[in-house]
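Asker: fold the following for me, if possible:
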Amino acid sequence: MQQSRVPVVAMDGTPLMPTTPAHARIMLSDGVARARRNKIGIFYIQMLIPVGTATQPIALALDPGSKHEGVGVASHAQVEITAQINLPDQAHKKMETRRNLRRARRYRKTPRRPKRFNNRRHGRRYWIAPSLLSKVQARLKAVRELCRVYPVKHIVVENVRHHPKIGKGAHFFSTAEVGKAVTLLDLQKLAPVTVVESSDTAVWRQQFGLTKIHGPNRPEVFEAQAVDAVAMLMGTTGCAFGNPPFYVFLALRHQRRSLHRQNPRKGGARPPYGGTSNGRLFRKGDWVEVKTHGSRLRGWVCGLPTPTTCTVAVAGADGQRIRQFGPRQIRLLARAGGFTWRREVAALPLPSKDGSLRAACL
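Answerer: Residues are numbered from 1 along each chain as shown. A predicted model of the protein is given here:
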């Protein structure tokens, strides 16, 4: 069984072919490379000396969805990495809240500014709603971060085709259908794109003995979404499954800066609310390490100090707040990248009854 490999980039940031963990440790100990981590938490090394730039073709597969995305990267030999991207799903609720606040201001004696533009006229070729735009942007951001550490020369995307009024759960498929054109236009700027049908993915999945979990409340495991991306990679490139790591990426959900609070305080005052920075060291979304009594934990800043509470709230990879800590207990590891990440145990191939390989997240 082939082992998972570490991504490598050149001195100028050009992605190179990944190497084995043993070679990465030797280069780090010899001082010819330094350890880095990108915005979605993937560990890689950057060379400090000039090296060759010859690379082999690496492919990236994307399985679009309405709430979750499956993505994988593979060389000609094996699958290098698999991941599930949990897309943001709160944009429509925030838009509704903002609309209610705007309409409520019309009945109060508040200053009103004239409109800055006519939002009914869109100059872009493809216009999509803000709720769908946030999903497309999160999807493309994760793909770009993978292309910055892997020399991707080919992108495989599963075609989303579903009538919005026919079939069970059709309205969820229409969500991915709307952003398909915008996604393909941006992916073509990174590498040549090949679109495959969902029926072909199902055939490859059955051919290689990969199992998929169906249902609305699927766990965040390899068989839920990333298995389709691996099936497309193995079907188009002919690579082996290998021993790839499995990541779960979650788009950060911040309380952005609002004009004022919804409910006024005593005296009718409506102070400003929200924001990702307050002028201090930490910002919302920063990856930090917290030193507690006898242990250390890592998380993401989700709450900043206020005039009444001088603590910093830290959340886990699932976006749920763990607790609040003092600023002196926290050490900054990396600035906010827009995602939280969690690396699960590698997805290992297991023999099935017919002798083929079956992927399982153990």
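Asker: can you tell me the average pLDDT over stretch 278-294?
Answerer: In this model, stretch 278-294 carries a mean pLDDT of 87.
Asker: swap that for stretch 337-353, please
Answerer: Computed over stretch 337-353, the average pLDDT equals 69.
Asker: do stretch 147-154 as well
Answerer: 94.
Asker: give me the contact list for that stretch.
Answerer: If you take C-beta atoms under 8 Å, 6 or more residues apart in numbering as the criterion, stretch 147-154 is touched by 7, 9, 13-18, 38, 42, 44, 55-60, 73, 80-81, 146, 190-192, 194, 236. From N, CA and C alone the C-beta is placed, and that goes for glycine too.
Asker: just the buried members of the residues you listed?
Answerer: Neighbour counting over those (16 or more other C-beta atoms under 10 Å) leaves 7, 9, 15-18, 38, 42, 44, 58-60, 73, 80-81, 146, 190-191, 236 as the buried ones.
Asker: in strands, which of those appear?
Answerer: The strands, defined by DSSP state E, take in 7, 9, 15-18, 44, 58-60, 73, 80-81 from these.
Asker: and for Gly70, the neighbour number?
Answerer: Residues within reach of Gly70, counting by other C-beta atoms under 10 Å, total 25.
Asker: A helix includes it, no?
Answerer: No - going by DSSP: H, G, I helix; E, B strand; the rest coil, the assignment for Gly70 is strand, not a helix.
Asker: what segments of this structure are helices?
Answerer: Shown for the chain, the helices assigned by DSSP state H span residues 21-30, 91-105, 130-149, 170-178, 180-187, 198-207, 226-237.
Asker: out of those helices, which is closest to Gly274?
Answerer: helix 91-105 (10.4 Å; C-beta to C-beta).
Asker: between the closest one and helix 130-149, how many degrees?
Answerer: Angle between the axes of helix 91-105 and helix 130-149 is 140 degrees (criterion: axes from the mean of the first three to the mean of the last three C-alpha atoms, to 10 degrees).
Asker: wait, doesn't Pro15 sit right on Ile42?
Answerer: No - between Pro15 and Ile42 there is no contact under C-beta atoms under 8 Å: 11.4 Å.
Asker: need the overlap of contacts for these two.
Answerer: Pro7, Val149.
Asker: what is Val6 paired to in the beta sheet?
Answerer: Thr19 (DSSP bridges).
Asker: if we can go back for a sec, buried deepest among the helices of the chain, which one?
Answerer: helix 226-237 (a mean of 25; mean count of other C-beta atoms under 10 Å).
Asker: contacts for that one next, please.
Answerer: Here helix 226-237 has contacts from 59, 61-63, 70-76, 79, 82-84, 154, 156, 158, 194, 196, 200-201, 203-205, 207-208, 210-212, 239-241, 244, 246, 347, 359, using C-beta under 8 Å, 6+ apart.
Asker: rerun that using 7 Å as the cut-off
Answerer: 59, 61-63, 70-72, 74, 76, 79, 82-84, 156, 158, 194, 196, 200-201, 204-205, 208, 210, 212, 239, 241, 246, 359 (C-beta atoms under 7 Å, 6 or more residues apart in numbering).
Asker: buried ones among those residues?
Answerer: Counted by 16+ other C-beta under 10 Å, the contacts of helix 226-237 give 59, 61-63, 70-72, 74, 79, 82-84, 156, 158, 196, 201, 204-205, 208, 210, 212, 239, 241, 246, 359 as buried.
Asker: what is the mean pLDDT for stretch 29-37?
Answerer: Mean predicted confidence for stretch 29-37 is 94.
Asker: can you pull the buried residues of that stretch?
Answerer: Ala33.
Asker: contacting residues for Lys67?
Answerer: Leu87, Asp89.
Asker: pLDDT value on it, please?
Answerer: Taking Lys67 on its own, its pLDDT is 85.
Asker: and the gap between it and Leu28?
Answerer: 38 Å (C-beta to C-beta, to the nearest Å).
Asker: again, but for Arg139
Answerer: Applying C-beta to C-beta to Arg139 and Leu28 gives a distance of 32 Å.
Asker: my read is that Ile155 contacts Val193, right?
Answerer: Yes - Ile155 is in contact with Val193 according to C-beta atoms under 7 Å; the separation is 4.8 Å.
Asker: between these two, what contacts are shared?
Answerer: Leu187.
Asker: residues in contact with stretch 257-266?
Answerer: Applying C-beta under 7 Å, 6+ apart, the set of residues contacting stretch 257-266 from outside is Leu101, Arg270, Pro271, Pro272, Tyr273, Gly274, Gly275.
Asker: end-to-end on that stretch?
Answerer: Distance between the two ends of stretch 257-266: 22 Å, counting by C-alpha to C-alpha, to the nearest Å.
Asker: then stretch 256-271?
Answerer: 14 Å.
Asker: low-confidence stretches in the stretch 201-350 of the chain?
Answerer: 345-350 (pLDDT under 70).
Asker: which residues in it form strands?
Answerer: 246-251, 287-292, 295-303, 312-315, 321-325, 330-334, 339-344, 347-351 (DSSP state E, counting those that start in this stretch).
Asker: format the ones you listed as JSON lines; extra columns: distance to Gln2.
Answerer: Formatted as JSON lines, the strands of the stretch 201-350 of the chain follow (distance: least, C-beta to C-beta, whole Å):
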{"stretch": "strand 246-251", "distance to Gln2": "16"}
{"stretch": "strand 287-292", "distance to Gln2": "30"}
{"stretch": "strand 295-303", "distance to Gln2": "29"}
{"stretch": "strand 312-315", "distance to Gln2": "35"}
{"stretch": "strand 321-325", "distance to Gln2": "36"}
{"stretch": "strand 330-334", "distance to Gln2": "30"}
{"stretch": "strand 339-344", "distance to Gln2": "18"}
{"stretch": "strand 347-351", "distance to Gln2": "10"}
